[in-house]
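Participant: Quick one, what's the 3D model for this:
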Amino acid sequence: MTTIHRRDILAFTGLGSQYLSAWGLVPLKGTVYDRKQVLSKLVEVGFLEEGQDVPSQPKGYVYVIKCESFFKVGKAENPKRRFMELQLANPFRLRLLASFPTETPEQDEKAIHAALKSHWIRGEWFSLSETSRKDLCAQLIKLYGQSIAP
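Facilitator: Model prediction:
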């Protein structure tokens, strides 16, 4: 039996999880559903044509946020929402520099934090000079094949 994750269904439809229950979809385990049942229901309610599939969403994202001369490297399922949460709680203007989809957000975040540990300030915040920003860029390229402007 093939399965589909709740995040993929919700991202594709743009609907809330209450619709899954209303449609009679019951998770097999945690947040995983029977793919055949979900696709059948999405065809029935008009979200899909027969034979189409729901694209997979990444498990999460690693993001880079800048605040003044500080950089935050974190992980989130929805980096734009996380950015807005941080902005609301911060008196300074933040900039979401980049977010990278990944199947291993925890592992990737730890690798970047380890590469930047000599620049650590507090929590997930780092003070990066122009030279040390190259360390961040190198780690992003190593993990994702792309980076932010140094």
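Participant: mind listing the helices for the protein?
Facilitator: 6-13, 18-22, 35-44, 79-88, 105-115, 130-144 (DSSP state H).
Participant: Restrict the shortest one to CA atoms and write it as PDB.
Facilitator: This points to helix 18-22. C-alpha atoms of helix 18-22 as PDB (Å, rounded to 0.1, in the frame of the first residue of the first chain):
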ATOM      1  CA  GLN A  18     -10.900  19.600   9.000                       C
ATOM      2  CA  TYR A  19     -11.700  18.800   5.400                       C
ATOM      3  CA  LEU A  20      -9.800  15.500   5.600                       C
ATOM      4  CA  SER A  21     -12.100  14.300   8.500                       C
ATOM      5  CA  ALA A  22     -15.200  15.700   6.800                       C
END
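Participant: list the buried ones in it?
Facilitator: Leu20 (16 or more other Cβ atoms under 10 Å). Placement of C-beta: from N, CA and C, glycine included.
Participant: With the longest one instead?
Facilitator: Buried positions in helix 130-144, judged by neighbour count with 16+ other Cβ under 10 Å: Ser132, Arg133, Asp135, Leu136, Cys137, Gln139, Leu140, Leu143.
Participant: Of those residues, just say which sits nearest to Leu10.
Facilitator: Leu143 (26.1 Å; Cβ to Cβ).
Participant: what's that closest one in contact with, if anything?
Facilitator: Val62, Phe100, Thr102, Asp108, Ala111, Ile112 (Cβ atoms under 8 Å, 6 or more residues apart in numbering).
Participant: any chance of the helices of the chain in JSON lines, plus mean pLDDT?
Facilitator: Output for the helices of the chain, formatted as JSON lines (pLDDT from 0 to 100):
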{"stretch": "helix 6-13", "mean pLDDT": "83"}
{"stretch": "helix 18-22", "mean pLDDT": "83"}
{"stretch": "helix 35-44", "mean pLDDT": "89"}
{"stretch": "helix 79-88", "mean pLDDT": "93"}
{"stretch": "helix 105-115", "mean pLDDT": "94"}
{"stretch": "helix 130-144", "mean pLDDT": "85"}
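Participant: Before I go, just wanted to say thanks for your time.
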